[in-house]
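Q: Return a 3D structure for these sequence lines:
(one chain, ligands or ions: 1)
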Amino acid sequence: MVDTDGNAVTGAEDDVWHASPDGLYENQDPEQAEWNLRGRFFSDEEGMFAFRGIKPSGYPIPMGGPVGELLTALQRHLFRPAHVHALIHKPGYKTIASQLYSHDDPILETDAQFGVVRSLVGTYVRHEHEPVPDPVVTEPWYSLEFTFVVEPGEAWLPTPPVSAKRDSTPYLPRGTL
Ligand SMILES: [Fe+2]
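A: A predicted model of the protein is given here:
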């Protein structure tokens, strides 16, 4: 993570979350563990944060609501391409609430939410016959690097949809998530 001059931004709070291979977020899926595929990180002295996860999948938006009806009437499909959500927050900088898309998703051009722009497409690099980053990782595995640029400005934090669950979870301190 860098500022507009290219300097590392340290101590930025980075929330990331994405859907499972079944296309469901953990709060939509009783089969998943609480907080599965969600994480919070802070950028280090080099402005970096890193984590191990799974390659995300796309999913359909709800078909029964008005947006689904509208897209159906327009003869558009209801799917979103695979993406990872990111919420980056540090006082003194404009908060980034964004989604990072997988370069190899076949519906980048026709996202039901019209959310894809070229600057938010990340390239997953496939690795085989290379050392794995952790013994539990099996081949093939993928890596993704992406640089967020934060601008000076007012920071803000939205109320997350999972806030009720957060507040009832004893092991998460208030003010997180
Ligand atoms: Fe999403």
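
Q: Now the residue of the chain most remote from its centre. Its backbone dihedrals?
A: Distance from the centre of the chain peaks at A73, with 29.4 Å (Cα atoms, centre = their mean). Backbone torsions of A73, given as degrees, to the nearest 10, read phi -60, psi -30.

Q: Can you list the residue ranges for helices in this protein?
A: Here the chain has its helices, by DSSP state H, at 66-73, 163-167.

Q: Just the mean pLDDT for the last one, thanks.
A: Right, the one you point to is helix 163-167. For helix 163-167, mean pLDDT rounds to 73.

Q: Repeat that for stretch 97-104.
A: 96.

Q: what's the answer for stretch 49-66, then?
A: Mean predicted confidence for stretch 49-66 is 90.

Q: what does stretch 120-133 give?
A: Per-residue scores along stretch 120-133 average to 95.

Q: Pull the residues that contact that stretch.
A: Outside stretch 120-133, the residues within contact range by Cβ atoms under 8 Å, 6 or more residues apart in numbering are 52, 55, 98-104, 108, 138-146. Quick note: C-beta positions are derived from backbone N, CA and C, even for glycine.

Q: quick revisit: distance to V84 added to the helices of the chain, as CSV?
A: Listed next are these as CSV, based on distance: least, Cβ to Cβ, whole Å:
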stretch, distance to V84
helix 66-73, 22
helix 163-167, 20
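
Q: Please name the nearest non-neighbouring residue to K90.
A: In space, and not counting its chain neighbours, K90 is closest to A12: 4.0 Å by Cβ to Cβ, 6 or more residues apart in numbering.

Q: Do a quick rundown of the strands in the protein.
A: Remark: strands assigned in the chain by DSSP state E are 2-3, 13-17, 38-42, 59-60, 79-80, 83-89, 96-102, 121-122, 125-127, 141-143, 149-150.

Q: CA-only coordinates of the second one in PDB, if you can.
A: Output in PDB follows, covering the C-alpha atoms of strand 13-17 (Å, rounded to 0.1, in the frame of the first residue of the first chain):
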ATOM      1  CA  GLU A  13      -6.300  -1.400   8.600                       C
ATOM      2  CA  ASP A  14      -7.200  -3.800   5.900                       C
ATOM      3  CA  ASP A  15     -10.400  -5.900   6.000                       C
ATOM      4  CA  VAL A  16     -10.700  -8.500   3.300                       C
ATOM      5  CA  TRP A  17     -13.500 -11.000   2.600                       C
END
